[in-house]
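Asker: Quick one, structure for this:
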Amino acid sequence: VGNSSVLTCFLKGNITMLTWTITPKAGGLCTLVYRRTRTAHPSCSKLTPCMSPCWCFAAPPRLSLSCDEQGSPVCEAAAGKPPAQLSWVPEGSSTAEEKCYDNGTVTVLSKFTACSTNVTNVTTCMVSHPAGNWSQSISC
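Answerer: Residues are numbered from 1 along each chain as shown. The predicted structure is shown next:
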């Protein structure tokens, strides 16, 4: 993310469109199409509701974990591309929401809502993303 590449193709004849297929180490297949009258436009084979076809490459989210006013753990995976997947240990009920930004990044916010009296009060947020996996624990 943030890097650019020069793609070279030796044109023969009257060609109006070029297509490159990119297979990144993580994430779905990307296709880059260049039309003579237009600029290059990437598209992805796997898109989430927040993603547009222009966002193919992974950017790791920033992870933060806190406790809200009611004492429930809240996990945030900010500015990821594509959106991170959040889960909790121990397993329980949670609510999640996504906020999409114009630059293609997505912030995912998950609140752990189920607590059991026979389980430890330490809760761990697990983050899964094409750029890596992370976890943080908290006791609210």
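Asker: all contacts plus neighbour counts: C-alpha atoms, from now on.
Answerer: OK.
Asker: Can you tell me the element L109 falls in?
Answerer: Secondary structure here is read from DSSP states H and E; on that basis L109 sits in strand 106-112.
Asker: and the angle from the next helix or strand after that strand to strand 106-112?
Answerer: Reading on from strand 106-112 to the C-terminus, the next helix or strand found by DSSP H and E is strand 122-129. The directions of strand 122-129 and strand 106-112 differ by 160 degrees, with axes from the mean of the first three to the mean of the last three C-alpha atoms, to 10 degrees as the criterion.
Asker: Could you please name the strands the strand holding L109 pairs with and the direction of each pair?
Answerer: strand 73-80 (antiparallel), strand 94-100 (antiparallel) (DSSP bridges).
Asker: got the buried residues for the last one?
Answerer: This points to strand 94-100. Of the residues in strand 94-100, 94, 98, 100 count as buried by neighbour count, 16 or more other C-alpha atoms under 10 Å.
Asker: quick one: contacts for C125?
Answerer: 65, 75, 86-89, 135-137 (C-alpha atoms under 8 Å, 6 or more residues apart in numbering).
Asker: what does N133 give?
Answerer: When contacts are counted by C-alpha under 8 Å, 6+ apart, N133 is found next to 126-127.
Asker: Please, which helix or strand holds it?
Answerer: Using DSSP H and E, N133 falls in strand 132-139.
Asker: Can you list the strands that that strand pairs with?
Answerer: Taking DSSP bridges as the criterion, strand 132-139 sits next to strand 122-129 (antiparallel) in its sheet.
Asker: Give me the neighbour count for the closest residue to S135 other than its chain neighbours.
Answerer: Nearest non-adjacent residue to S135, counting by C-alpha to C-alpha, 6 or more residues apart in numbering: M126, 4.5 Å away. By the criterion of other C-alpha atoms under 10 Å, M126 has 18 neighbours.
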